[in-house]
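Asks: Have a look; sequence and predicted model below, questions after that.
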Amino acid sequence: MTTTIPSCARRVAMMTLVAAVSGVLVAGVCAAPPPPSAVDGPPAGRSAEQQPDRAADDALAQAEIALTRRQYEEALKLYKRANATAGDRSPDALWGMAQAYSGLGAAKNVAATVDKLLPLVKDDPKRQAEAHNLVGLALFNLGQANSDAKKFAESEPHFTQALDLWPELAVSHYNLALSLFKRKADPAGIEQLQSYLQKAPAGPYAAAARLYIENPRRARENYATEFSGTSSEGERISLAELKGKVVLLDFWATWCGPCKDALPSLKRLLKQSSEDSLVGISISTDREAEKWRAFIADNQMTWPQLHDARGVLSRTYGVDGIPTYVVIDHEGIVRKRLVGYSLSIDGELQDAVRTCVKAAHAAAGK
């Protein structure tokens with residue numbers, strides 16, 4: 001749950017995460033593991049066989065730029081224009097339309113567009129495989145968005161057909177594995193990931209595949225992204241080394257009014273909770289280290305303090321408003337995310353921490 005009252009809004013740029021997996025798959029965008037790709041190859045482009053006229057050629061070029069920028073509505077409009085200019089028979093335009101629909105989360109439109117594409121590429125098994133993989137991905141993402149297990153099951157034949165058509169399309173093994181994991185078919189999912197690693201041992205999803213093989217639950221749970229840093233006291237802090245403990249991340253800044261208002265309650269929460277089960281880590285987005293160090297000293301912030309002047313951790317955790325609180329349980333799973341400060345938010349935060357601490361004690365036999 002995310003609450004948004006009141007906060008110091010601060011937009012941050014998107015970045016590609018190069019950290020460990022959190023187990024969430026989304027369209028075009030992975031929360032911790034690298035997302036499955038529509039294809040492990042170049043984006044939609046112009047085939048050698050096609051000789052489009054200038055108008056279609058220009059529309060395709062503009063559409064590819066829009067698609068790369070994830071401007072899906074604009075890309076769709078341009079691809080449609082290119083396809084109409086080519087008499088509604090442009091494989092490249094249809095492929096681009098399917099990708100744009102996928103970015104918009106329109107799984108039915110993806111499938112309908114691929115149905116038009118397949119007869120035009122009947123002599124190209126690789127492109128047919130890529131098209132089936134894209135339909136599978138669209139259905140998977142629809143299942144993810146709506147928590148619909150039926151959509152996961154519907155996606156799997158498309159990944160299988162993609163592999164039948166073009167066995168070297170290793171990413172279909174990866175995508176199929178995640179769908180199987182979502183349906184708790186873990187042995188079958190592990191087998192698919194092993195096939196992926198055999199074909200692409202240094203592929204873009206190899207690290208994620210190994211983590212899923214180690215713990216398939218990562219595909220079903222929102223695991224926190226791994227990170228490490230050096231505290232204001234010179235202590236190296238690593239999330240991996242805190243497994244078994246409840247971790248409360250507090251993203252803040254010295255200039256943020258709501259952050260200052262929340263500080264007394266945060267101090268009480270950290271003091272009242274069991275020291276051996278809860279670790280609070282405050283992550284400051286201040287640019288000036290001297291102001292940050294002076295503030296934490298003046299306010300006796302004695303728990304671990306990290307300085308995130310470049311915003312790396314903030315981007316990793318998708319922080320666009322502060323204060324932001326992330327509660328991570330003893331297994332490393334994100335259990336609560338709250339933004340802003342109010343009495344209501346403070347109550348939610350305390351309840352979430354206490355619930356997680358209680359579960360940590362039970363797991364440890366305390």
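Replies: On my side now, so go ahead. Numbering: from 1, shown residues only.
Asks: Please, where are all the strands along this structure?
Replies: According to DSSP state E, the chain carries its strands in the segments 8-9, 25-26, 29-30, 228-230, 236-238, 246-252, 278-284, 305-307, 321-322, 324-328, 334-339.
Asks: how about those in TSV, adding distance to residue 177 and mean neighbour count?
Replies: For glycine as for every other residue, the C-beta is placed from the backbone atoms N, C-alpha and C. Formatted as TSV, the strands of the chain follow (distance: least, C-beta to C-beta, whole Å; neighbours: other C-beta atoms under 10 Å):
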stretch	distance to residue 177	mean neighbour count
strand 8-9	38	14
strand 25-26	11	18
strand 29-30	14	18
strand 228-230	28	14
strand 236-238	28	13
strand 246-252	28	25
strand 278-284	33	23
strand 305-307	34	22
strand 321-322	35	22
strand 324-328	25	25
strand 334-339	22	20
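Asks: wait, which of those is closest to residue 143?
Replies: strand 25-26 (9.7 Å; C-beta to C-beta).
Asks: For the closest one, what does the pLDDT average out to?
Replies: Strand 25-26 carries an average pLDDT of 32.
Asks: Please apply the same query to stretch 256-273.
Replies: 92.
Asks: Now find how far off-centre that stretch is within its chain.
Replies: Put simply, stretch 256-273 sits 29 Å off its chain's centre (C-alpha atoms, centre = their mean, to the nearest Å).
Asks: Dump that stretch to PDB, restricted to CA.
Replies: Output of stretch 256-273 as PDB, limited to C-alpha atoms (Å, rounded to 0.1, in the frame of the first residue of the first chain):
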ATOM      1  CA  CYS A 256      12.000  17.900   4.100                       C
ATOM      2  CA  GLY A 257       9.500  19.200   6.500                       C
ATOM      3  CA  PRO A 258       7.400  16.000   6.800                       C
ATOM      4  CA  CYS A 259      10.600  14.100   7.400                       C
ATOM      5  CA  LYS A 260      11.400  16.300  10.400                       C
ATOM      6  CA  ASP A 261       7.900  15.900  11.700                       C
ATOM      7  CA  ALA A 262       8.100  12.100  11.500                       C
ATOM      8  CA  LEU A 263      11.500  11.900  13.200                       C
ATOM      9  CA  PRO A 264      10.300  11.800  16.900                       C
ATOM     10  CA  SER A 265       7.900   8.900  16.100                       C
ATOM     11  CA  LEU A 266      10.600   7.100  14.100                       C
ATOM     12  CA  LYS A 267      13.000   7.300  17.000                       C
ATOM     13  CA  ARG A 268      10.400   5.900  19.400                       C
ATOM     14  CA  LEU A 269       9.600   3.000  17.000                       C
ATOM     15  CA  LEU A 270      13.200   2.000  16.700                       C
ATOM     16  CA  LYS A 271      13.800   2.300  20.400                       C
ATOM     17  CA  GLN A 272      10.700   0.300  21.400                       C
ATOM     18  CA  SER A 273      11.200  -2.500  19.000                       C
END
